[in-house]
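> Could you work out the structure for the sequence below:
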Amino acid sequence: MSVSEFAFELELCAALEARSDRLYARQLGAGVADPGGRVLDVVGVEPGPAFADRAAITAESIPAAAIDSRVGPGRARYWKDAFDCHPKRARRATERALEVGFFERERRNGRDYVRQVARYPDWYGRLLGIENKPDLGRPGDLESQLRTDVSLGVVDGVVLATESYVTGAHRNRIPEEVGIWRVHREDGAVREIDVLREPTPLAVADPGVEPLESHPGRTDVAIASPGAKARTRRRIAERAYGKGWRTYGLPDCARCRADDSSGATLPYCEWADRVVDAESDCGAGCPGYDPAPAPDVDLEAERDRRTDWIADPDGKRRAQSGLERFS
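As a prediction, this is how the structure comes out:
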């Protein structure tokens, strides 16, 4: 991702978060047959009817294998009997579900028995995919990426977000189902978003076509069943809930400050006069680098304050009295 795209993405997420009750996350795999084959720049997840129940369980993503397992909230089951996947994957999912508070454990004769702390809720609604391309003069694989999103239909709608003036030629290269936003930025923040075209709802309940590999004269594809798409949608929503969009650090440089003028804290470099990516832009290789402790900012607390995501939920574990007899 170029520097301008990184700044654009963070500033857009900050603005969108302030303008709606969706939860936003960055850089999520959205393929079905090949989960990492298509990465969405930003995903917006609408809260569903049981959002509060999901938020009360854990702040982290819940493993898909744990949700798909036959572990329920009633009688505890021996963990190996509750999964249809490889034992190593089942063990990893079990341990992670225990770690994040979705499973609780009992020990019986040296064996682990697990149950869900609560039934997995129907917590999310529509998913919005946003492809960021601030400069349409450098489109890259934009057209093929958007056509993949439309033909696969995993998210409910897709939007192209750009700073460029959108011409008729641009519109002709963008699938008609894709919405278009013209984003106006100034002084490190998004000031206005013009909706040039609303996205067309995609057929998420129907089979989808996923391009996999291109060869001269042909493209290999996979047909994604409605059930597989539904599981992918849940995986995207879960990952978005646990990850969010604040997946960046602040540089350990005296010339970087924590800029909250947009309403969210972004890493702003005074020397470069822009938002920077600490991992790729900063360090001893930068001519303006001046070593200093990174600004002390609690991005999780900020997310907790600005959204309905809960950083430290009470959880739903049962009282553990009496369980130790199984140890």
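
> buried sites along stretch 261-269?
The neighbour-count check on stretch 261-269 (16 or more other CB atoms under 10 Å) flags 262, 264-269 as buried. Using the backbone N, CA and C atoms, a C-beta is placed for each residue, glycine as well.

> mean confidence for it?
Average pLDDT, stretch 261-269: 91.

> Return the alpha-carbon coordinates of it using PDB.
Extracted C-alpha coordinates of stretch 261-269, given in PDB (Å, rounded to 0.1, in the frame of the first residue of the first chain):
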ATOM      1  CA  SER A 261      -8.000  16.400  14.900                       C
ATOM      2  CA  SER A 262     -10.100  13.900  12.900                       C
ATOM      3  CA  GLY A 263     -11.700  12.600  16.000                       C
ATOM      4  CA  ALA A 264      -9.600   9.500  16.000                       C
ATOM      5  CA  THR A 265      -5.900   9.300  16.800                       C
ATOM      6  CA  LEU A 266      -3.600   9.000  13.800                       C
ATOM      7  CA  PRO A 267       0.200   8.900  13.500                       C
ATOM      8  CA  TYR A 268       1.100  12.300  12.000                       C
ATOM      9  CA  CYS A 269       4.700  13.100  11.000                       C
END
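
> Can you give the contact residues for that stretch?
Residues outside stretch 261-269 that contact it (CB atoms under 8 Å, 6 or more residues apart in numbering): 10-11, 13-15, 17-18, 187-190, 246, 248-251, 253, 255-260, 274-278, 281-282, 288, 297, 299, 302, 306.

> what's next to the strand or helix carrying Arg303, contact-wise?
Using DSSP states H and E, Arg303 falls within helix 299-306. Contacts of helix 299-306 with the rest of the structure, by CB under 8 Å, 6+ apart, involve 17-18, 59, 244, 246, 263-265, 309-312.

> List buried residues within those residues.
Buried residues within the contacts of helix 299-306, counting neighbours by 16+ other CB under 10 Å: 17, 59, 244, 246, 264-265, 309-310.

> can you confirm Arg107 is in a helix?
No - judged by DSSP: H, G, I helix; E, B strand; the rest coil, Arg107 forms no part of a helix; its state is strand.

> Thought Val114 was touching it, still the case?
No - using CB atoms under 8 Å, Arg107 makes no contact with Val114, being 10.5 Å away.

> all strands for the stretch 201-327 of the chain, in order.
Per DSSP state E, counting those that start in this stretch, the stretch 201-327 of the chain carries strands over the ranges 208-215, 218-224, 256-259, 266-269, 274-275.

> In JSON lines: these, plus distance to Arg138.
Shown next, in JSON lines, are the strands of the stretch 201-327 of the chain (distance: least, CB to CB, whole Å):
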{"stretch": "strand 208-215", "distance to Arg138": "21"}
{"stretch": "strand 218-224", "distance to Arg138": "24"}
{"stretch": "strand 256-259", "distance to Arg138": "26"}
{"stretch": "strand 266-269", "distance to Arg138": "23"}
{"stretch": "strand 274-275", "distance to Arg138": "17"}
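
> Now name the helix or strand holding Gly31.
Per DSSP H and E, Gly31 falls between elements, in no helix or strand.

> Excluding residues flanking it in the chain, which one is nearest it?
The shortest distance from Gly31 to any residue other than its chain neighbours is 4.1 Å, reached at Gly37 (CB to CB, 6 or more residues apart in numbering).

> on that earlier part again, give me the more crowded residue out of Arg107 and Val114.
Between Arg107 and Val114, counted using other CB atoms under 10 Å, Val114 has the larger neighbour count: 22 against 13.

> which residues touch Pro175?
143, 146-147, 150.

> Going by distance to Pro73, which of those wins?
Nearest to Pro73 among those is Val150, at 38.2 Å by CB to CB.

> How many neighbouring residues does Ala169 have?
A count of neighbours around Ala169, defined by other CB under 10 Å, yields 8.

> now do Tyr165
8.

> Can you tell me how far it is from Leu196?
10 Å (CB to CB, to the nearest Å).

> Now for these two: what residues contact both?
Shared contacts of Tyr165 and Leu196 (CB under 8 Å, 6+ apart): Arg182.

> and the residue nearest to Gly31, how many neighbours?
The local packing of Gly37 (other CB under 10 Å) involves 17 other residues.

> and the gap between it and Thr148?
8 Å.

> Assign Asn172 to one of the three secondary structure states.
Secondary structure, three-state DSSP: Asn172 is helix.

> Mind checking which of the contacts of helix 299-306 land in helices?
17-18 (DSSP state H).

> So for Gly37 and Thr148, which residues contact both of them?
Both Gly37 and Thr148 are in contact with Glu210, where contact means CB under 8 Å, 6+ apart.

> hmm, back to that, same list (the buried ones among the contacts of helix 299-306) but as JSON lines, adding distance to Pro49.
Shown next, in JSON lines, are these (distance: CB to CB, whole Å):
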{"residue": "Glu17", "distance to Pro49": "21"}
{"residue": "Ala59", "distance to Pro49": "20"}
{"residue": "Gly244", "distance to Pro49": "22"}
{"residue": "Arg246", "distance to Pro49": "26"}
{"residue": "Ala264", "distance to Pro49": "28"}
{"residue": "Thr265", "distance to Pro49": "32"}
{"residue": "Trp309", "distance to Pro49": "17"}
{"residue": "Ile310", "distance to Pro49": "17"}
